[in-house]
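Colleague: All I have is the shape, not the residue letters:
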(Lines give C-alpha, C1' and ligand atoms only; values in the text may rest on other atoms or scores of the structure.)
Protein backbone atom coordinates (compact mmCIF):
# COMPACT_ATOMS: atom_id res chain seq x y z
CA UNK A 1 0.00 0.00 0.00
CA UNK A 2 1.29 3.45 -0.86
CA UNK A 3 0.60 6.73 0.95
CA UNK A 4 -2.27 7.73 -1.35
CA UNK A 5 -4.10 4.47 -0.78
CA UNK A 6 -3.46 4.84 2.94
CA UNK A 7 -4.96 8.37 2.92
CA UNK A 8 -8.14 7.02 1.36
CA UNK A 9 -8.74 4.64 4.24
CA UNK A 10 -7.20 6.56 7.11
CA UNK A 11 -10.57 7.75 8.43
CA UNK A 12 -11.93 4.23 8.40
CA UNK A 13 -8.80 2.95 10.14
CA UNK A 14 -8.99 5.65 12.80
CA UNK A 15 -12.72 5.30 13.20
CA UNK A 16 -12.51 1.52 13.60
CA UNK A 17 -15.01 1.24 10.79
CA UNK A 18 -15.29 -2.11 9.06
CA UNK A 19 -12.47 -2.37 6.57
CA UNK A 20 -11.58 -5.58 4.82
CA UNK A 21 -9.03 -7.35 6.96
CA UNK A 22 -6.27 -7.57 4.32
CA UNK A 23 -6.71 -3.84 3.54
CA UNK A 24 -6.71 -2.98 7.21
CA UNK A 25 -3.60 -5.02 7.88
CA UNK A 26 -1.92 -3.56 4.86
CA UNK A 27 -2.79 -0.03 6.00
CA UNK A 28 -1.52 -0.57 9.52
CA UNK A 29 1.67 -2.11 8.13
CA UNK A 30 2.15 0.98 5.94
CA UNK A 31 1.64 3.28 8.95
CA UNK A 32 4.45 1.44 10.74
CA UNK A 33 6.86 2.03 7.90
CA UNK A 34 5.77 5.59 6.89
CA UNK A 35 6.28 8.21 9.59
CA UNK A 36 4.01 10.77 7.85
CA UNK A 37 1.13 8.35 7.45
CA UNK A 38 1.59 7.17 11.02
CA UNK A 39 1.33 10.78 12.21
CA UNK A 40 -1.71 11.32 10.02
CA UNK A 41 -3.36 8.26 11.51
CA UNK A 42 -2.68 9.57 14.98
CA UNK A 43 -4.02 13.03 14.12
CA UNK A 44 -7.07 11.45 12.58
CA UNK A 45 -7.71 9.57 15.81
CA UNK A 46 -7.32 12.77 17.78
CA UNK A 47 -9.69 14.59 15.47
CA UNK A 48 -12.28 11.85 15.71
CA UNK A 49 -12.01 11.86 19.47
CA UNK A 50 -12.63 15.59 19.44
CA UNK A 51 -15.61 15.18 17.12
CA UNK A 52 -17.01 12.45 19.36
CA UNK A 53 -16.66 14.80 22.31
CA UNK A 54 -18.71 17.35 20.40
CA UNK A 55 -21.30 14.69 19.62
CA UNK A 56 -21.60 13.69 23.25
CA UNK A 57 -21.71 17.32 24.29
CA UNK A 58 -24.50 18.11 21.82
CA UNK A 59 -26.42 14.92 22.47
CA UNK A 60 -29.09 16.46 24.63
CA UNK A 61 -29.52 19.67 22.70
CA UNK A 62 -32.94 20.31 21.32
CA UNK A 63 -35.07 23.14 20.13
CA UNK A 64 -36.84 24.96 22.91
CA UNK A 65 -40.41 24.19 23.95
CA UNK A 66 -41.47 27.47 22.37
CA UNK A 67 -40.71 26.06 18.91
CA UNK A 68 -42.83 23.00 19.58
CA UNK A 69 -45.78 24.99 20.88
CA UNK A 70 -45.64 27.37 17.93
CA UNK A 71 -45.48 24.49 15.49
CA UNK A 72 -48.41 22.76 17.14
CA UNK A 73 -50.45 25.92 16.91
CA UNK A 74 -49.51 26.27 13.26
CA UNK A 75 -50.50 22.64 12.70
CA UNK A 76 -53.91 23.15 14.30
CA UNK A 77 -54.44 26.30 12.28
CA UNK A 78 -53.59 24.48 9.10
CA UNK A 79 -55.88 21.60 9.97
CA UNK A 80 -58.79 23.96 10.54
CA UNK A 81 -58.11 25.61 7.19
CA UNK A 82 -58.00 22.24 5.49
CA UNK A 83 -61.24 21.23 7.16
CA UNK A 84 -62.91 24.38 5.93
CA UNK A 85 -61.64 23.65 2.45
CA UNK A 86 -62.89 20.08 2.60
CA UNK A 87 -66.32 21.27 3.78
CA UNK A 88 -66.36 23.68 0.86
CA UNK A 89 -65.68 20.89 -1.57
CA UNK A 90 -67.96 18.28 0.00
CA UNK A 91 -70.66 16.81 -2.26
CA UNK A 92 -73.51 18.19 -0.13
CA UNK A 93 -72.02 21.67 -0.18
CA UNK A 94 -71.41 21.50 -3.91
CA UNK A 95 -74.93 20.21 -4.58
CA UNK A 96 -76.40 23.08 -2.55
CA UNK A 97 -74.49 25.58 -4.63
CA UNK A 98 -75.45 23.87 -7.84
CA UNK A 99 -79.10 24.01 -6.88
CA UNK A 100 -78.81 27.67 -6.08
CA UNK A 101 -77.05 28.28 -9.38
CA UNK A 102 -79.80 26.43 -11.27
CA UNK A 103 -82.52 28.49 -9.58
CA UNK A 104 -80.63 31.67 -10.38
CA UNK A 105 -80.24 30.62 -14.02
CA UNK A 106 -83.93 29.83 -14.28
CA UNK A 107 -84.86 33.20 -12.81
CA UNK A 108 -82.48 34.94 -15.17
CA UNK A 109 -83.98 33.10 -18.13
CA UNK A 110 -87.52 34.08 -17.14
CA UNK A 111 -86.45 37.67 -16.65
CA UNK A 112 -84.75 37.73 -20.04
CA UNK A 113 -87.89 36.33 -21.67
CA UNK A 114 -90.08 38.95 -20.05
CA UNK A 115 -87.72 41.72 -21.10
CA UNK A 116 -87.64 40.34 -24.62
CA UNK A 117 -91.40 40.17 -24.93
CA UNK A 118 -92.34 43.39 -23.17
CA UNK A 119 -91.72 46.15 -25.76
CA UNK A 120 -93.34 44.29 -28.64
CA UNK A 121 -96.15 45.74 -30.76
CA UNK A 122 -99.83 44.92 -30.12
CA UNK A 123 -101.39 41.66 -31.10
CA UNK A 124 -101.35 40.87 -34.75
CA UNK A 125 -104.53 39.49 -36.09
CA UNK A 126 -102.92 36.97 -38.32
CA UNK A 127 -99.99 35.54 -36.50
CA UNK A 128 -98.67 35.63 -32.96
CA UNK A 129 -95.53 33.68 -32.30
CA UNK A 130 -95.23 32.90 -28.66
CA UNK A 131 -92.69 31.50 -26.26
CA UNK A 132 -95.21 28.99 -25.06
CA UNK A 133 -97.91 27.58 -27.16
CA UNK A 134 -101.38 27.64 -25.76
CA UNK A 135 -104.20 25.98 -27.56
CA UNK A 136 -107.47 27.79 -27.09
CA UNK A 137 -110.40 25.51 -27.67
CA UNK A 138 -113.14 26.95 -29.69
CA UNK A 139 -111.20 29.75 -31.28
CA UNK A 140 -113.34 31.53 -33.82
CA UNK A 141 -112.54 30.96 -37.42
CA UNK A 142 -111.96 34.42 -38.78
CA UNK A 143 -110.33 34.00 -42.10
CA UNK A 144 -110.27 30.77 -43.89
CA UNK A 145 -107.73 31.93 -46.41
CA UNK A 146 -104.84 32.15 -43.99
CA UNK A 147 -103.52 30.80 -40.77
CA UNK A 148 -104.96 32.18 -37.59
CA UNK A 149 -102.82 32.29 -34.53
CA UNK A 150 -104.40 31.22 -31.32
CA UNK A 151 -101.65 32.09 -28.95
CA UNK A 152 -102.61 34.29 -26.05
CA UNK A 153 -99.28 36.06 -25.58
CA UNK A 154 -98.77 39.54 -26.98
CA UNK A 155 -97.68 39.34 -30.57
CA UNK A 156 -94.64 40.97 -31.98
CA UNK A 157 -93.96 42.82 -35.13
CA UNK A 158 -91.33 40.27 -35.93
CA UNK A 159 -93.80 37.50 -35.28
CA UNK A 160 -96.22 38.92 -37.79
CA UNK A 161 -93.44 39.20 -40.28
CA UNK A 162 -92.40 35.65 -39.67
CA UNK A 163 -95.91 34.37 -40.04
CA UNK A 164 -96.40 36.34 -43.17
CA UNK A 165 -93.27 34.87 -44.62
CA UNK A 166 -94.49 31.50 -43.58
CA UNK A 167 -97.78 32.12 -45.30
CA UNK A 168 -96.08 33.42 -48.38
CA UNK A 169 -93.87 30.46 -48.68
CA UNK A 170 -96.57 27.98 -47.82
CA UNK A 171 -97.37 27.36 -51.43
CA UNK A 172 -93.81 26.39 -52.06
CA UNK A 173 -93.68 23.81 -49.30
CA UNK A 174 -93.17 20.38 -50.60
CA UNK A 175 -95.05 17.77 -48.62
CA UNK A 176 -93.05 14.82 -47.51
CA UNK A 177 -94.80 11.52 -47.41
CA UNK A 178 -93.76 9.07 -44.83
CA UNK A 179 -95.27 6.77 -42.32
CA UNK A 180 -96.76 9.73 -40.51
CA UNK A 181 -99.08 10.14 -43.46
CA UNK A 182 -100.73 6.89 -42.64
CA UNK A 183 -101.17 7.86 -39.06
CA UNK A 184 -102.72 11.16 -40.09
CA UNK A 185 -104.96 9.32 -42.47
CA UNK A 186 -106.17 7.17 -39.63
CA UNK A 187 -106.60 10.26 -37.56
CA UNK A 188 -108.59 11.93 -40.31
CA UNK A 189 -110.77 8.89 -40.59
CA UNK A 190 -111.44 9.01 -36.91
CA UNK A 191 -112.44 12.61 -37.20
CA UNK A 192 -114.99 11.61 -39.85
CA UNK A 193 -116.67 9.12 -37.64
CA UNK A 194 -116.51 10.39 -34.11
CA UNK A 195 -116.72 13.64 -32.23
CA UNK A 196 -113.62 15.38 -30.86
CA UNK A 197 -112.54 14.02 -27.55
CA UNK A 198 -112.78 16.77 -25.03
CA UNK A 199 -109.54 17.64 -23.29
CA UNK A 200 -107.35 15.37 -25.41
CA UNK A 201 -105.41 16.10 -28.53
CA UNK A 202 -103.94 13.80 -31.09
CA UNK A 203 -101.32 15.09 -33.42
CA UNK A 204 -99.41 13.87 -36.39
CA UNK A 205 -95.67 13.80 -36.35
CA UNK A 206 -94.01 16.98 -37.46
CA UNK A 207 -93.88 17.05 -41.24
CA UNK A 208 -90.78 18.83 -42.45
CA UNK A 209 -91.42 21.73 -44.75
CA UNK A 210 -88.71 21.82 -47.35
CA UNK A 211 -88.21 25.31 -48.61
CA UNK A 212 -87.09 25.36 -52.16
CA UNK A 213 -83.96 27.36 -52.83
CA UNK A 214 -83.24 28.36 -49.23
CA UNK A 215 -80.64 27.25 -46.79
CA UNK A 216 -82.78 25.41 -44.37
CA UNK A 217 -80.59 25.11 -41.33
CA UNK A 218 -82.49 25.02 -38.12
CA UNK A 219 -81.07 25.56 -34.67
CA UNK A 220 -83.71 27.22 -32.54
CA UNK A 221 -87.26 28.25 -33.05
CA UNK A 222 -90.78 28.47 -31.76
CA UNK A 223 -93.91 26.43 -32.10
CA UNK A 224 -97.01 28.35 -33.03
CA UNK A 225 -100.51 26.99 -32.84
CA UNK A 226 -102.49 28.09 -35.89
CA UNK A 227 -105.78 27.22 -37.50
CA UNK A 228 -105.77 26.38 -41.17
CA UNK A 229 -108.49 25.62 -43.66
CA UNK A 230 -109.04 21.93 -43.72
CA UNK A 231 -108.08 21.97 -47.37
CA UNK A 232 -104.49 22.44 -46.16
CA UNK A 233 -104.48 18.71 -45.48
CA UNK A 234 -104.67 18.11 -49.18
CA UNK A 235 -101.64 20.23 -49.93
CA UNK A 236 -99.68 18.00 -47.59
CA UNK A 237 -101.00 14.91 -49.24
CA UNK A 238 -103.30 14.01 -46.39
CA UNK A 239 -106.91 12.91 -46.79
CA UNK A 240 -109.67 15.37 -46.02
CA UNK A 241 -113.23 14.75 -45.00
CA UNK A 242 -115.30 16.56 -47.57
CA UNK A 243 -118.20 16.99 -45.19
CA UNK A 244 -116.08 19.01 -42.79
CA UNK A 245 -114.24 21.00 -45.41
CA UNK A 246 -115.56 24.24 -44.02
CA UNK A 247 -114.20 23.58 -40.58
CA UNK A 248 -110.70 24.80 -39.79
CA UNK A 249 -108.05 22.43 -38.58
CA UNK A 250 -105.50 23.18 -35.88
CA UNK A 251 -101.83 22.86 -36.61
CA UNK A 252 -98.53 23.51 -34.85
CA UNK A 253 -95.98 25.27 -37.01
CA UNK A 254 -92.32 25.28 -36.11
CA UNK A 255 -90.73 28.60 -36.97
CA UNK A 256 -87.01 29.10 -37.09
CA UNK A 257 -85.30 32.20 -35.79
CA UNK A 258 -85.25 33.54 -39.30
CA UNK A 259 -89.04 33.40 -39.40
CA UNK A 260 -89.28 30.58 -41.86
CA UNK A 261 -91.55 27.66 -41.19
CA UNK A 262 -89.63 24.43 -40.78
CA UNK A 263 -92.23 21.84 -39.89
CA UNK A 264 -95.90 21.41 -39.25
CA UNK A 265 -98.14 18.98 -37.49
CA UNK A 266 -101.88 18.76 -37.52
CA UNK A 267 -103.72 18.53 -34.28
CA UNK A 268 -107.14 17.15 -33.56
CA UNK B 1 -45.59 -0.86 18.93
CA UNK B 2 -43.80 2.32 17.90
CA UNK B 3 -45.11 3.68 14.61
CA UNK B 4 -42.59 4.32 11.87
CA UNK B 5 -41.85 7.76 10.48
CA UNK B 6 -43.85 6.99 7.36
CA UNK B 7 -46.87 5.86 9.36
CA UNK B 8 -46.69 9.01 11.45
CA UNK B 9 -46.44 11.08 8.32
CA UNK B 10 -49.56 9.45 6.92
CA UNK B 11 -51.42 10.22 10.13
CA UNK B 12 -50.05 13.76 10.10
CA UNK B 13 -51.49 14.27 6.64
CA UNK B 14 -54.92 13.39 7.96
CA UNK B 15 -54.62 16.07 10.63
CA UNK B 16 -53.55 13.91 13.58
CA UNK B 17 -51.93 16.30 16.02
CA UNK B 18 -50.50 13.51 18.16
CA UNK B 19 -48.76 12.07 15.13
CA UNK B 20 -47.24 15.44 14.40
CA UNK B 21 -46.07 15.85 17.98
CA UNK B 22 -44.56 12.38 18.06
CA UNK B 23 -42.78 12.89 14.77
CA UNK B 24 -41.55 16.31 15.82
CA UNK B 25 -40.17 15.06 19.11
CA UNK B 26 -38.48 12.18 17.37
CA UNK B 27 -36.79 14.21 14.66
CA UNK B 28 -36.41 17.76 15.90
CA UNK B 29 -33.26 17.05 17.89
CA UNK B 30 -31.29 15.92 14.87
CA UNK B 31 -32.51 18.78 12.73
CA UNK B 32 -31.82 21.31 15.47
CA UNK B 33 -28.31 20.00 16.12
CA UNK B 34 -27.52 19.92 12.42
CA UNK B 35 -28.59 23.55 12.07
CA UNK B 36 -26.72 24.48 15.23
CA UNK B 37 -23.51 22.77 14.16
CA UNK B 38 -23.75 24.30 10.72
CA UNK B 39 -24.62 27.84 11.79
CA UNK B 40 -23.16 28.08 15.29
CA UNK B 41 -26.22 30.01 16.35
CA UNK B 42 -28.93 28.76 18.63
CA UNK B 43 -31.40 31.33 17.28
CA UNK B 44 -30.81 30.34 13.68
CA UNK B 45 -31.00 26.67 14.61
CA UNK B 46 -34.41 27.17 16.20
CA UNK B 47 -35.64 29.18 13.25
CA UNK B 48 -34.50 26.50 10.85
CA UNK B 49 -36.07 23.75 12.92
CA UNK B 50 -39.33 25.61 12.83
CA UNK B 51 -39.11 26.18 9.09
CA UNK B 52 -38.30 22.53 8.43
CA UNK B 53 -41.34 21.23 10.27
CA UNK B 54 -43.56 23.93 8.86
CA UNK B 55 -42.49 22.81 5.41
CA UNK B 56 -43.24 19.21 6.36
CA UNK B 57 -46.74 19.96 7.60
CA UNK B 58 -47.58 22.23 4.69
CA UNK B 59 -46.27 20.16 1.85
CA UNK B 60 -44.67 16.78 2.31
CA UNK B 61 -45.35 15.64 -1.25
CA UNK B 62 -41.69 16.06 -2.08
CA UNK B 63 -40.86 13.22 0.26
CA UNK B 64 -40.32 9.93 -1.51
CA UNK B 65 -39.85 7.05 0.95
CA UNK B 66 -38.31 4.94 -1.79
CA UNK B 67 -35.57 7.48 -2.37
CA UNK B 68 -34.49 8.36 1.13
CA UNK B 69 -35.54 8.25 4.75
CA UNK B 70 -37.69 10.90 6.35
CA UNK B 71 -34.72 11.97 8.46
CA UNK B 72 -32.71 12.45 5.27
CA UNK B 73 -35.58 14.43 3.76
CA UNK B 74 -35.71 16.69 6.81
CA UNK B 75 -31.94 17.15 6.78
CA UNK B 76 -32.22 18.10 3.13
CA UNK B 77 -34.73 20.84 3.91
CA UNK B 78 -32.65 21.98 6.86
CA UNK B 79 -29.56 22.09 4.68
CA UNK B 80 -31.27 24.34 2.16
CA UNK B 81 -32.34 26.71 4.92
CA UNK B 82 -28.89 26.68 6.48
CA UNK B 83 -27.19 27.48 3.20
CA UNK B 84 -29.66 30.30 2.67
CA UNK B 85 -28.85 31.66 6.12
CA UNK B 86 -25.13 31.35 5.52
CA UNK B 87 -25.45 33.15 2.23
CA UNK B 88 -27.42 35.92 3.92
CA UNK B 89 -24.85 36.14 6.68
CA UNK B 90 -22.08 36.32 4.14
CA UNK B 91 -23.71 39.38 2.62
CA UNK B 92 -24.60 40.97 5.93
CA UNK B 93 -23.09 40.92 9.40
CA UNK B 94 -23.59 37.52 10.94
CA UNK B 95 -25.86 37.29 13.93
CA UNK B 96 -24.02 35.92 16.90
CA UNK B 97 -26.06 35.27 19.95
CA UNK B 98 -23.19 33.50 21.72
CA UNK B 99 -20.39 35.79 22.82
CA UNK B 100 -17.73 33.14 22.41
CA UNK B 101 -18.78 32.64 18.82
CA UNK B 102 -19.04 28.89 18.90
CA UNK B 103 -20.41 27.49 22.08
CA UNK B 104 -24.02 27.25 21.17
CA UNK B 105 -26.82 26.05 23.32
CA UNK B 106 -26.58 25.25 26.96
CA UNK B 107 -22.93 25.31 27.95
CA UNK B 108 -21.74 22.44 30.09
CA UNK B 109 -20.74 23.33 33.62
CA UNK B 110 -17.16 24.57 33.65
CA UNK B 111 -16.32 22.90 36.95
CA UNK B 112 -16.82 19.22 37.46
CA UNK B 113 -17.04 17.85 40.94
CA UNK B 114 -14.69 15.00 39.97
CA UNK B 115 -11.83 16.59 38.11
CA UNK B 116 -12.15 20.32 37.47
CA UNK B 117 -8.98 20.54 35.41
CA UNK B 118 -9.89 17.64 33.17
CA UNK B 119 -13.35 19.02 32.63
CA UNK B 120 -11.98 22.43 31.70
CA UNK B 121 -9.59 20.83 29.24
CA UNK B 122 -12.39 18.82 27.72
CA UNK B 123 -14.59 21.88 27.47
CA UNK B 124 -11.83 23.82 25.75
CA UNK B 125 -11.21 20.96 23.38
CA UNK B 126 -14.87 20.75 22.39
CA UNK B 127 -14.99 24.48 21.85
CA UNK B 128 -11.88 24.32 19.73
CA UNK B 129 -13.18 21.50 17.54
CA UNK B 130 -16.51 23.23 17.15
CA UNK B 131 -14.82 26.42 16.02
CA UNK B 132 -12.68 24.50 13.60
CA UNK B 133 -15.76 22.87 12.07
CA UNK B 134 -17.54 26.22 11.83
CA UNK B 135 -14.54 27.68 10.05
CA UNK B 136 -14.76 25.11 7.26
CA UNK B 137 -16.32 26.06 3.93
CA UNK B 138 -19.98 25.10 3.89
CA UNK B 139 -19.63 22.20 1.46
CA UNK B 140 -16.97 20.61 3.65
CA UNK B 141 -18.71 21.52 6.88
CA UNK B 142 -21.95 19.82 5.97
CA UNK B 143 -20.14 16.60 5.17
CA UNK B 144 -18.29 16.62 8.51
CA UNK B 145 -21.46 17.44 10.41
CA UNK B 146 -23.50 14.72 8.77
CA UNK B 147 -20.83 11.98 8.62
CA UNK B 148 -18.94 12.60 11.85
CA UNK B 149 -21.37 14.40 14.13
CA UNK B 150 -24.52 12.65 13.00
CA UNK B 151 -22.81 9.40 12.11
CA UNK B 152 -24.65 9.00 8.85
CA UNK B 153 -23.35 6.69 6.16
CA UNK B 154 -21.80 8.01 2.96
CA UNK B 155 -24.86 6.90 1.01
CA UNK B 156 -27.26 8.69 3.35
CA UNK B 157 -25.24 11.88 3.19
CA UNK B 158 -25.06 11.61 -0.58
CA UNK B 159 -28.87 11.39 -0.66
CA UNK B 160 -29.23 14.44 1.57
CA UNK B 161 -26.77 16.57 -0.35
CA UNK B 162 -27.67 15.16 -3.71
CA UNK B 163 -24.30 14.10 -5.03
CA UNK B 164 -22.30 10.92 -5.56
CA UNK B 165 -20.90 8.83 -2.72
CA UNK B 166 -17.42 9.31 -4.11
CA UNK B 167 -17.85 13.08 -3.83
CA UNK B 168 -18.78 12.69 -0.18
CA UNK B 169 -15.71 10.55 0.48
CA UNK B 170 -13.37 12.99 -1.16
CA UNK B 171 -14.95 16.02 0.52
CA UNK B 172 -14.75 14.32 3.89
CA UNK B 173 -11.12 13.43 3.34
CA UNK B 174 -10.33 16.99 2.37
CA UNK B 175 -12.35 18.38 5.28
CA UNK B 176 -10.48 16.18 7.75
CA UNK B 177 -7.21 17.42 6.33
CA UNK B 178 -8.32 21.01 6.86
CA UNK B 179 -9.54 20.27 10.38
CA UNK B 180 -6.27 18.58 11.31
CA UNK B 181 -4.40 21.59 9.98
CA UNK B 182 -6.53 23.90 12.10
CA UNK B 183 -6.17 21.80 15.19
CA UNK B 184 -2.45 21.54 14.68
CA UNK B 185 -2.21 25.28 14.10
CA UNK B 186 -4.15 25.80 17.26
CA UNK B 187 -1.75 23.80 19.37
CA UNK B 188 1.43 24.50 17.44
CA UNK B 189 1.63 27.76 15.53
CA UNK B 190 3.49 27.63 12.23
CA UNK B 191 2.26 24.21 11.31
CA UNK B 192 3.99 22.23 8.61
CA UNK B 193 1.17 19.82 7.94
CA UNK B 194 1.03 20.78 4.31
CA UNK B 195 4.69 20.08 3.96
CA UNK B 196 4.20 16.76 5.72
CA UNK B 197 1.45 15.74 3.39
CA UNK B 198 3.48 16.74 0.40
CA UNK B 199 6.39 14.75 1.67
CA UNK B 200 4.20 11.77 2.38
CA UNK B 201 2.75 11.75 -1.13
CA UNK B 202 6.16 12.20 -2.73
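Modeller: All right, it came through fine. Nothing here was measured: the structure is a model prediction, and the numbers come from that model. Numbering: from 1, shown residues only, chains lettered A, B, ... in the order given.
Colleague: can we go C-alpha only for contacts and neighbour counts from here?
Modeller: Fine.
Colleague: Quick check: residue B:169 vs residue A:7, distance?
Modeller: Between residue B:169 and residue A:7 the distance is 11 Å, computed by C-alpha to C-alpha, to the nearest Å.
Colleague: tell me the domain boundaries of the chain?
Modeller: The chain I'm using is chain A. As given by automatic domain parsing, the domain ranges for chain A are A:3-58, A:65-117, A:148-267.
Colleague: was after chain B, sorry
Modeller: Under the assignment automatic domain parsing, the domains of chain B span B:1-107, B:108-202.
Colleague: helix, strand or coil for residue B:65?
Modeller: coil (DSSP: H, G, I helix; E, B strand; the rest coil).
Colleague: any residues in contact with both of residue B:169 and residue A:7?
Modeller: Overlap of the contact sets of residue B:169 and residue A:7 (by C-alpha atoms under 8 Å, 6 or more residues apart in numbering or on different chains) is empty.
Colleague: tell me the SS of the residue in the stretch 51-200 of chain A positioned nearest to chain B?
Modeller: The stretch 51-200 of chain A approaches chain B most closely through residue A:62 (4.7 Å), counting by C-alpha to the nearest C-alpha. Using three-state DSSP, the structure places residue A:62 in coil.
Colleague: So what's the residue count around it?
Modeller: Residue A:62 sits with 23 neighbouring residues when counted by other C-alpha atoms under 10 Å in any protein chain shown.
Colleague: and the spatially closest residue to it that is not a sequence neighbour, what helix or strand is that in?
Modeller: Counting by C-alpha to C-alpha, 6 or more residues apart in numbering or on different chains, residue B:29 is the residue found nearest to residue A:62 once chain neighbours are left out, at 4.7 Å. In this structure, residue B:29 sits in helix B:17-39 according to DSSP states H and E.
Colleague: Up against chain B, what does chain A have?
Modeller: Where proximity means C-alpha under 8 Å from any C-alpha of the partner chain, the interface of chain A facing chain B comprises A:3-4, A:7-8, A:11, A:34, A:36-37, A:43-44, A:47-48, A:50-55, A:57-58, A:60-64, A:67-68, A:71-72, A:74-76, A:78-79.
Colleague: Throw together a ChimeraX command that grabs the buried residues out of the residues you listed.
Modeller: Command for ChimeraX that selects the buried part of the residues of chain A next to chain B, burial taken from 16 or more other C-alpha atoms under 10 Å in any protein chain shown:
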select /A:3,7,11,36,37,43,44,47,48,50,51,52,53,54,55,58,61,62,63,67,68,71,72,75,79
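Colleague: In strands, which of the residues of chain A next to chain B fall?
Modeller: Per DSSP state E, strands hold no members of these.
Colleague: Which of the residues of chain A next to chain B fall in helices?
Modeller: Members of the residues of chain A next to chain B lying in helices (criterion: DSSP state H): A:3-4, A:7-8, A:11, A:36-37, A:43-44, A:47-48, A:50-55, A:57-58, A:67-68, A:71-72, A:74-76, A:78-79.
Colleague: in the helix holding residue B:29, what's buried?
Modeller: By neighbour count on 16+ other C-alpha under 10 Å, the buried set for helix B:17-39 is B:17, B:19-21, B:23-24, B:27-39.
Colleague: And for stretch B:161-180?
Modeller: Applying 16+ other C-alpha under 10 Å to stretch B:161-180 flags B:161, B:165, B:168-169, B:171-173, B:175-180 as buried.
Colleague: Using CSV, lay out these together with secondary structure, distance to residue A:249 and pLDDT.
Modeller: Shown next, in CSV, are the buried residues of stretch B:161-180 (DSSP: H, G, I helix; E, B strand; the rest coil; distance: C-alpha to C-alpha, whole Å; pLDDT from 0 to 100):
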residue, secondary structure, distance to residue A:249, pLDDT
B:161, helix, 90, 91
B:165, helix, 95, 92
B:168, helix, 98, 93
B:169, helix, 101, 89
B:171, helix, 101, 93
B:172, helix, 103, 92
B:173, helix, 106, 89
B:175, helix, 105, 93
B:176, helix, 108, 91
B:177, helix, 111, 90
B:178, helix, 110, 92
B:179, helix, 110, 91
B:180, helix, 113, 89
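Colleague: Format these as a markdown table; extra columns: distance to chain A.
Modeller: Below are these laid out as a markdown table (distance: C-alpha to the nearest C-alpha, whole Å):
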| residue | distance to chain A |
| --- | --- |
| B:161 | 20 |
| B:165 | 14 |
| B:168 | 12 |
| B:169 | 8 |
| B:171 | 11 |
| B:172 | 9 |
| B:173 | 7 |
| B:175 | 11 |
| B:176 | 8 |
| B:177 | 9 |
| B:178 | 11 |
| B:179 | 8 |
| B:180 | 7 |
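Colleague: Among the residues you listed, give me the pair with the biggest separation.
Modeller: Farthest apart among the buried residues of stretch B:161-180 by C-alpha to C-alpha are B:161 and B:180. That separation is 23.7 Å.
Colleague: Roughly how far does whichever residue of chain B sits closest to chain A sit from residue B:151?
Modeller: Closest approach between chain B and chain A, counting by C-alpha to the nearest C-alpha: residue B:29, at 4.7 Å. Here the criterion is C-alpha to C-alpha. By it, residue B:29 lies 14 Å from residue B:151.
Colleague: Please apply the same query to residue A:254.
Modeller: From residue A:254 to residue B:151 the distance is 86 Å (C-alpha to C-alpha).
Colleague: higher neighbour count, these two?
Modeller: residue A:254 (25 against 14).
Colleague: Let me know whether my guess that that one is in a strand holds.
Modeller: Yes: the assignment for residue A:254 is a strand, going by three-state DSSP.
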